[in-house]
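In: Build me a model:
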Amino acid sequence: TYDPVRDSISFSELSLETEWGSLRADGDAYLREFRDGLPRALLAQFQFSDLALDPPDFFDEPPQIPKAAVDLRLRFDPFAVEIGQAVMIDGDTRLSADGTFVATDAGWQMALDAHIDSVAPERFVAFWPLSMKPRTRRWISNNLTEGRLLNVNAGFRIAPERATQFALGFEFADNTIKFLRDVPPITRAHGAASIENNRLVVSLDSGVVNAPQGGPMQLEGSDYTIDDLRLNPSPAILNLKVDSSLTATLAILNQKPFEYMDKANLPVTLGDGRAFTQGQITWPLEPRPAPDAVAIEITSELRNVRSDVLLNGRILAAPRLNVTASNRGVHVTGPVRVGQVAAIGTW
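Out: Numbering: from 1, shown residues only. Okay, here's the model as predicted:
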């Protein structure tokens, strides 16, 4: 219905069925910016229900959105849509967005920003188009599971004759992060992640790796980077800060592709003590990187070390030992005591 006094159009029901999806809606539109008796703009508010989006090859599984609403301004010349606010409700997940779409002589110019308060990782990936940053989407789908993503902010920019720009930032809580194929994942992970200029950075405020032996390893302050998401494979960088038992550290260093303790013909349970470790591991992000493609530079300070394995029939004790592990091998040095004999040793 049209109200000429208010220059308004009321839609009591709008129903749409297309190959790209379907929706039902109602709302009001207001004709604005008249010139020579004709409107040059339209303000509209619509509420949607039963919204299903299914463009060909766009989503893995088309998201079903029970509730949505949008406030927008449409200008006809040049053709432009300004979204003041769009809101979609999916269970306990609320997505809000704003942006502009402008048709220029050179092509489409678009700017879209979106925010989600809280969402499960698998539901977040369901809304992610297959063709947009597919490697990033695949990494999040395969390596960031469980828990929640919080304060998700995404920005998308398209302009004629310019590369598409995409940025993403979010916090995460109680997630599981898989970072190396044969190494146990980080669990109970809390922190933040961002994607900007094709670079992914995941920073840990807290997180635990449960080593095959030796108990949990605390990874507070560690971070993980995929250096260039456009490359295949891209360099991956893991900066580590670890507080753990000596056994847990050695158990991880004995996993593929490192296997240091097996190469040294020593057990991971060679002694007791605490290990405070930091350093960097880099490797190409591919399913099975060659062992020589993995670079490791690790330093560790071992405290209150005690071993009855290293020297047959003797107890070796050390208040503090310094350890370096790299592709060149493992190096240990520091003051030790064997029985009643004190010395400074290197292995």
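
In: show me where the protein has helices.
Out: Secondary structure of the chain (DSSP state H): helices located at 121-126, 134-143, 246-253, 260-263.

In: Quick one: those helices as TSV, columns for mean neighbour count and distance to residue 101 too.
Out: C-betas here are computed from N, CA, C, even on glycine. Below are the helices of the chain laid out as TSV (neighbours: other C-beta atoms under 10 Å; distance: least, C-beta to C-beta, whole Å):
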stretch	mean neighbour count	distance to residue 101
helix 121-126	18	23
helix 134-143	16	23
helix 246-253	24	50
helix 260-263	14	56
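
In: out of those helices, nearest to residue 229?
Out: Closest to residue 229 of the helices of the chain, according to C-beta to C-beta: helix 134-143, at 5.4 Å.

In: the strands in the stretch 51-200 of the chain, which residues?
Out: Ranges of strands within the stretch 51-200 of the chain are 64-76, 79-90, 93-104, 107-119, 144-145, 148-158, 165-177, 186-196, 199-210, based on DSSP state E, counting those that start in this stretch.

In: Residue 300 is nearest to which of the helices of the chain?
Out: In terms of C-beta to C-beta, the element of the helices of the chain nearest to residue 300 is helix 246-253, at 6.5 Å.

In: helices or strands up against the closest one?
Out: The contact analysis (3 or more C-beta pairs under 8 Å, 6 or more residues apart in numbering; DSSP states H and E) places helix 246-253 against strand 216-218, helix 260-263, strand 272-284, strand 295-307.

In: what helices or strands is the last one leaning on?
Out: By that I understand strand 295-307. When contacts are defined as 3+ C-beta pairs under 8 Å, 6+ apart, strand 295-307 sits against helix 246-253, strand 272-284, strand 316-326.

In: neighbouring contacts of the longest one?
Out: By C-beta atoms under 8 Å, 6 or more residues apart in numbering, the surrounding residues in contact with strand 272-284 are 180, 233-249, 289, 293-307, 318, 323, 325.

In: buried ones in it?
Out: Buried residues in strand 272-284, counted by 16 or more other C-beta atoms under 10 Å: 273-275, 277, 279, 281-283.

In: ok, of the residues you listed, which one's closest to residue 125?
Out: residue 283 (24.0 Å).

In: ok, residue 180 - contacts?
Out: Residue 180 neighbours (C-beta under 8 Å, 6+ apart): 238, 255, 281, 283.

In: about what we covered before: mind putting the helices of the chain in a markdown table, distance to residue 311 included?
Out: Below are those laid out as a markdown table (distance: least, C-beta to C-beta, whole Å):
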| stretch | distance to residue 311 |
| --- | --- |
| helix 121-126 | 49 |
| helix 134-143 | 42 |
| helix 246-253 | 16 |
| helix 260-263 | 17 |
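
In: export those to TSV and tack on mean pLDDT and distance to residue 51?
Out: As requested, the helices of the chain are exported to TSV (pLDDT from 0 to 100; distance: least, C-beta to C-beta, whole Å):
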stretch	mean pLDDT	distance to residue 51
helix 121-126	89	14
helix 134-143	86	22
helix 246-253	92	47
helix 260-263	88	55
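
In: Of the ones you listed, which is nearest residue 8?
Out: Nearest to residue 8, of the helices of the chain and by C-beta to C-beta, is helix 121-126 at 36.8 Å.

In: helices and strands around the closest one, which ones?
Out: helix 134-143, strand 144-145, strand 148-158.

In: quick revisit: and of the helices and strands packed on helix 246-253, who's closest to residue 78?
Out: Checking these against residue 78 by C-beta to C-beta gives strand 272-284 as the closest, at 46.2 Å.

In: That closest one pairs with which strands?
Out: Strand 272-284 sits in its sheet next to strand 235-245 (antiparallel), strand 295-307 (antiparallel), going by DSSP bridges.

In: tilt between the lowest-mean-pLDDT helix or strand in the chain and strand 199-210?
Out: Between all helices and strands in the chain, the lowest mean by mean pLDDT, DSSP states H and E belongs to helix 134-143, at a mean of 86. With axes from the mean of the first three to the mean of the last three C-alpha atoms, to 10 degrees applied, the angle from helix 134-143 to strand 199-210 works out at 10 degrees.

In: If anything else comes up later, I'll come back, but that's it for now.
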